[in-house]
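> Let's see this in three dimensions:
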Amino acid sequence: MERSFTGLSDQGLRRSVNQDSYHIDHAGRFFIVADGMGGHAGGQEASQAATQAIQTYLDKNWQSSLASQVLLEAAFRKANEVILQDQHDHPERSDMGTTVVAVIFRAEQVWCAHVGDSRLYRLQGQQLQQLTQDHTWVAQAVKDGKLTQEQSRIHPWRHMLAQCLGREDLEHIEIQRLEVQPGDRLLLCSDGLTEELPDALIAGYLQSSQLGEKAAAALVKAANDKGGHDNITVVIVTIDKLSPQKI
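Predicted coordinates for the structure are as follows:
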């Protein structure tokens with residue numbers, strides 16, 4: 001499965017530090033975006049620790065017999081353990097946590113795992129689809145019919161996470177297999193992008209250039225132009241051709 005990819009992270013206009021982190025595997029096997037919990041000591045450390053732990057686990061176990069969904073689950077569990085250990089070693093960072101979304105291309109399949117409200121989108125033709133559901137109080141309220149999508153975008157509790165990495169009580173890690181076609185674009189992003197730009201604008205910028213680097217830069221600039229209230233991170237993966245993948 002041939003693909004091209006790029007990533008970009010920006011501090012935004014209102015934050016004093018970038019608490020986002022991302023990783024792109026040099027061979028294009030996996031992609032990770034993490035967003036440290038804003039306002040909590042150690043958010044930057046949490047996102048970096050999670051990204052590094054997931055990367056290390058995937059690298060070490062890529063050739064193992066583990067099914068891809070099991071591999072992703074184990075990588076996220078390991079990242080959670082690393083953050084919990086850091087909290088224990090550094091009590092001043094006891095409240096740190098991070099969201100994570102990751103995509104892997106393995107054994108001719110594409111899989112995604114996520115915890116929190118960092119998102120994965122798929123642009124297929126002219127249609128942009130959000131493939132992950134936010135693990136937030138507001139997202140659950142929309143699902144339950146208590147809030148509309150419009151209300152959720154301005155609700156004061158919209159950043160209240162139902163779960164994240166860095167918690168003893170981490171429960172469900174959402175994992176799903178993805179279907180992709182040549183020409184599809186996958187977008188992994190932190191909420192610094194989605195807080196500023198509605199899906200229709202995100203779709204437009206993803207379609208605006210055949211070069212992923214230009215599309216990524218356009219998305220970050222647009223989010224900053226809308227206020228840049230948070231850190232902004234985007235990773236774009238373009239499916240160029242379907243073919244058997246060597247692993």
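
> next helix or strand past the one helix or strand in the chain whose mean pLDDT sits lowest?
Least confident helix or strand, the chain: helix 149-152 with a mean of 64, by mean pLDDT, DSSP states H and E. Sequence order places strand 174-178 as the next helix or strand after helix 149-152, per DSSP states H and E.

> What are the buried residues along that next one?
175, 178 (16 or more other C-beta atoms under 10 Å). Placement of C-beta: from N, CA and C, glycine included.

> Secondary structure class of residue 215, three-state.
helix (DSSP: H, G, I helix; E, B strand; the rest coil).

> That one: neighbour count?
25 (other C-beta atoms under 10 Å).

> List the residues that contact the residue nearest the centre of the chain.
Residue closest to the average C-alpha location in the chain (C-alpha atoms, centre = their mean): residue 101, at 3.2 Å. Residues counted as contacts of residue 101 (C-beta atoms under 8 Å, 6 or more residues apart in numbering) are 32, 33, 34, 112, 113, 114, 116, 118, 119, 120, 132, 188.

> What helix or strand is it located in?
Going by DSSP H and E, residue 101 is part of strand 98-106.

> One more: residue 78?
Residue 78 belongs to helix 68-89, assigned by DSSP H and E.

> That helix versus strand 98-106: what angle between them?
150 degrees (axes from the mean of the first three to the mean of the last three C-alpha atoms, to 10 degrees).

> and helix 68-89, how far out from the chain's middle?
Taking C-alpha atoms, centre = their mean, to the nearest Å, one finds helix 68-89 lying 16 Å from the centre of the chain it belongs to.

> Now stretch 176-192 - C-alpha only, CSV.
Extracted C-alpha coordinates of stretch 176-192, given in CSV (Å, rounded to 0.1, in the frame of the first residue of the first chain):
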residue,chain,number,x,y,z
GLN,A,176,-11.1,-0.1,14.7
ARG,A,177,-10.0,-1.4,11.3
LEU,A,178,-10.2,1.2,8.5
GLU,A,179,-11.1,0.8,4.9
VAL,A,180,-9.2,3.0,2.4
GLN,A,181,-9.1,3.6,-1.3
PRO,A,182,-6.5,5.2,-3.6
GLY,A,183,-6.8,8.9,-3.3
ASP,A,184,-8.0,8.8,0.3
ARG,A,185,-6.5,11.2,2.8
LEU,A,186,-6.3,10.4,6.5
LEU,A,187,-5.9,13.3,9.0
LEU,A,188,-4.8,12.8,12.5
CYS,A,189,-5.1,16.0,14.5
SER,A,190,-5.3,17.5,18.0
ASP,A,191,-8.3,19.6,19.1
GLY,A,192,-6.4,22.8,18.5
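
> ok, and what's touching the helix holding residue 78?
By C-beta under 8 Å, 6+ apart, helix 68-89 touches 42, 45-46, 49-50, 52-54, 57-58, 61-62, 64, 66, 93-94, 96-98, 100, 102, 104, 106-107, 109, 111, 113, 115, 165-168, 170, 173, 175, 177.

> filter those residues to the buried ones?
42, 45-46, 49-50, 52-54, 57-58, 62, 93, 96-98, 100, 102, 104, 106, 109, 111, 113, 115, 165-166, 170, 173, 175.

> distance of the closest residue to residue 110 other than its chain neighbours from residue 45?
The shortest distance from residue 110 to any non-neighbouring residue, by C-beta to C-beta, 6 or more residues apart in numbering, is to residue 178 (4.3 Å). According to C-beta to C-beta, to the nearest Å, residue 178 stands 30 Å off from residue 45.
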